[in-house]
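In: Provide a 3D model corresponding to the input given below.
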Amino acid sequence: MDFTSLHRAIGAAPQPLTDELLNDAVEAGSVEMHDLDWKSQLPPVKGLPQTDFPKDVAAMANNGGGLIVYGVNETQKAATDRVDVGDIDEGYERALRSAAITAISPPVFGLKVHRLGTKADQNRAVVVQIAASVDGPHLIYRNELFGAPIRNDSDTVWMKERQIEAMYRARFDERRHATDALDALFNHAASGRNTGDRAWFIAVAHPRVPKFLERLDRDEARLTLEKTERLALSFAGPTGVHPLQNVDRLNPRPGLRCWVAANTATGERELWKEAWASIHHDGSVTLAAAVGGHRMSMNGYFGGHQVEARAIECAVADLMALTRTTAESTGNDEYDVRVGIEWTGAEPLRILTIDGSKFVYDGVSTPLHRFVPVETSVSARESDSGFYRAVYDLARDCVNQGGISNLQLISSPD
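Out: Got it, this is the predicted structure:
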C-alpha cells in the first residue's frame, strides 16, 4: 500500500493511488508542498532530458521523495481543477525513467508512473512518484555547469555549497549505517546454527530507506508468506529443496519487531532441511537454511561440507521472493541484500553440480575455505522481467564462487 503526499493532504489511509484520490485532493484545494508539485501539462518527449523534468525529479529525490502530478491547474500553489494531459504509452513512460537515469547524477532509480483518469471523461492525469534516496545529492548537468536542486516548501531552488557538503556527509553516514544494519541482521540470522555439522545458507535483505507504515498483523504476514512460496516456485520451479516449504507459513509467530516462520523439519530424519524465515516490521527479511549434508538417497546423505548448487538456487529464489512480497506489503522499494554460506567444519566447502545424472565436484568445484558473502542492491518494485534478472544474477554469483558456471533451475533471462 502507498502513503503519499496526496494521501496526507486529504487524510486518507494508505491505499493505491487512484483517480478518486486525486479528485478528492483537487476538490479540497490541496496546496503544493515540498513533496507535492502540481503541473498542468506533460513535458514533451522530444528532448526530455533538456526540459525541467530531470531538475524536478532530482529536487524531489534530494528532499525525501514525493509526487509530481501532471494534469492539475493551480492558483497560488493550490489545486483548482483537473485538465486532460492526453494519452501516454509505454514508450513515454520509458522516456521518463530514462531521463531520471541519464540526465541525473547519480541516477534516480525506481521512478513510478501512474496513469489516472479516462479519455471519455477528459480527465487523464499522470503521477510521477519519486522515492526517497540515500544517494544524494543528485546533480543536474547542463553543458559544463552543474547544480543540485532541492525543494524548498513548494519551490525548487539550488543548493548552496554547505548544503551539498552536508548531503555528501549524510550519504556516507547512511552507507555506514546500512552496512551496520546488514551486519546486525546477518549475525542474528547466523547465530546458533550448527555450522560445524553442516553448511548453512544465511541471507538478509534490508530496505535502504525503511518506510514505517502500520505493522503487518499475523494475517498479513501469513498472506505475504503464502504469496512468497508461489513466487519462489515461479523463479526456480518445484525441483530441489525450497527452504520456505520447510517453515510454518500458516502460523507466523511474533519475534522482536518481526514475524517468524519457524522450522517445521523437526524430525531426526528431517534435520538436514531445517529452515527459518522472518519478516521484520521495517520491511527487512531474513532466511536461514541448512544446505550442507542434504539427502542424496533414501538412506544416504552428502557430507556437511557438500552443498548442491540447486539448493543454493532454491534458497536465493526464496529470499528474493520474500523480499519482493514483503516490499509490496510494507511499501518499501530499494533493498540491500547479503547472501552467505556459513561453514566452520575442517574440510573445505564444496558446491556440487550435475554431470549427466551424477553429482560431481572433483575437478569441477573450487574448494572454499570461506564463502565470501555476496552483496547487491535491488529494486523490489522492479518490473517482473527486471526483478527476475536480479534473481538470476544473484544466484549465478553465488554458484560461480564455487567454480560452477551454469544454473540448473533458474533459467537465463535471455
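
In: any low-confidence regions in the stretch 201-350 of the chain?
Out: Counting by pLDDT under 70, the stretch 201-350 of the chain has low-confidence residues at 212-213.

In: Do a quick rundown of the helices in it.
Out: According to DSSP state H, counting those that start in this stretch, the stretch 201-350 of the chain carries its helices in the segments 218-236, 309-330.

In: what's the most buried one of the ones you listed?
Out: helix 309-330 (a mean of 27; mean count of other CB atoms under 10 Å). C-betas here are computed from N, CA, C, even on glycine.

In: Where is the longest helix in the chain?
Out: Across the chain, the longest stretch assigned as helix under DSSP state H is helix 161-190.

In: distance between that helix and the chain's centre?
Out: 17 Å (CA atoms, centre = their mean, to the nearest Å).

In: From the contact counts, what lies against it?
Out: Helix 161-190 sits against strand 200-207, strand 285-290, strand 334-342, with contacts defined as 3 or more CB pairs under 8 Å, 6 or more residues apart in numbering; DSSP states H and E.

In: Would you reformat these as a markdown table and include distance to Val247 and mean neighbour count?
Out: Formatted as a markdown table, the helices and strands packed on helix 161-190 follow (distance: least, CB to CB, whole Å; neighbours: other CB atoms under 10 Å):
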| stretch | distance to Val247 | mean neighbour count |
| --- | --- | --- |
| strand 200-207 | 13 | 28 |
| strand 285-290 | 9 | 27 |
| strand 334-342 | 18 | 23 |
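
In: domains for this protein, by residue range?
Out: 5-159, 173-400 (automatic domain parsing).

In: Looking at those domains, spot the one closest to Leu407.
Out: Relative to Leu407, the nearest member of the domains of the chain by CB to CB is domain 173-400, separated by 5.8 Å.

In: Please compute how far the closest one lies from its chain's middle.
Out: Worked out by CA atoms, centre = their mean, domain 173-400 lies 15 Å from the chain centre.

In: Check the separation of the first and last residues in that domain.
Out: This stretch, domain 173-400, spans 32 Å end to end (CA to CA, to the nearest Å).

In: can you map out the helices along the stretch 51-200 of the chain?
Out: 53-61, 90-102, 161-190.

In: Comparing these, which stretch has the densest surroundings?
Out: Note that of these, helix 53-61 is the most buried (mean count of other CB under 10 Å), with a mean of 26.

In: how about it as PDB, C-alpha atoms only?
Out: Written as PDB, here are the backbone C-alpha positions of helix 53-61 (Å, rounded to 0.1, in the frame of the first residue of the first chain):
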ATOM      1  CA  PHE A  53      11.700  17.200 -15.800                       C
ATOM      2  CA  PRO A  54      15.200  16.000 -14.600                       C
ATOM      3  CA  LYS A  55      15.500  19.000 -12.300                       C
ATOM      4  CA  ASP A  56      12.100  18.400 -10.800                       C
ATOM      5  CA  VAL A  57      12.800  14.800 -10.200                       C
ATOM      6  CA  ALA A  58      16.300  15.500  -8.700                       C
ATOM      7  CA  ALA A  59      14.800  18.100  -6.400                       C
ATOM      8  CA  MET A  60      12.200  15.700  -5.000                       C
ATOM      9  CA  ALA A  61      14.800  12.900  -4.600                       C
END
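
In: re the thing from before, would you turn the helices of the stretch 51-200 of the chain into TSV with distance to Phe3 and mean pLDDT?
Out: Shown next, in TSV, are those (distance: least, CB to CB, whole Å; pLDDT from 0 to 100):
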stretch	distance to Phe3	mean pLDDT
helix 53-61	16	95
helix 90-102	22	92
helix 161-190	22	89
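
In: hmm, back to that, quick one, which of the domains of the chain gets closest to Asp414.
Out: The closest of the domains of the chain to Asp414 is domain 173-400. By CB to CB, the value is 9.0 Å.

In: now Thr266: how far from Ala232?
Out: Using CB to CB, to the nearest Å, we find Thr266 at a distance of 22 Å from Ala232.

In: Quick check: Asp197 vs Gln401, distance?
Out: Relative to Gln401, Asp197 is positioned 22 Å away (CB to CB).

In: swap that for Met296, sorry
Out: Applying CB to CB, the value for Met296 to Gln401 is 22 Å.

In: what about these two, which has more around it?
Out: It is Gln401, of Met296 and Gln401, that has more neighbours when counted by other CB atoms under 10 Å, with 18 against 13.

In: Val374 is in contact with the more buried one, correct?
Out: Yes: with contact defined as CB atoms under 8 Å, Gln401 counts as touching Val374 (7.3 Å).

In: Need the residues touching each of those two.
Out: Common contact partners of Gln401 and Val374 (CB atoms under 8 Å, 6 or more residues apart in numbering): none.

In: one step back: any chance of the helices of the stretch 51-200 of the chain in TSV with distance to Ala203 as columns?
Out: Shown next, in TSV, are the helices of the stretch 51-200 of the chain (distance: least, CB to CB, whole Å):
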stretch	distance to Ala203
helix 53-61	29
helix 90-102	28
helix 161-190	8
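
In: A helix includes Asp393, no?
Out: Yes: counting by DSSP: H, G, I helix; E, B strand; the rest coil, Asp393 is part of a helix.

In: if you skip the residues just before and after it, what's nearest to it?
Out: In space, and not counting its chain neighbours, Asp393 is closest to Thr376: 7.5 Å by CB to CB, 6 or more residues apart in numbering.

In: Thr323 is in contact with Thr224, correct?
Out: No: the criterion here is CB under 8 Å, and Thr224 misses it with Thr323 at 10.8 Å.
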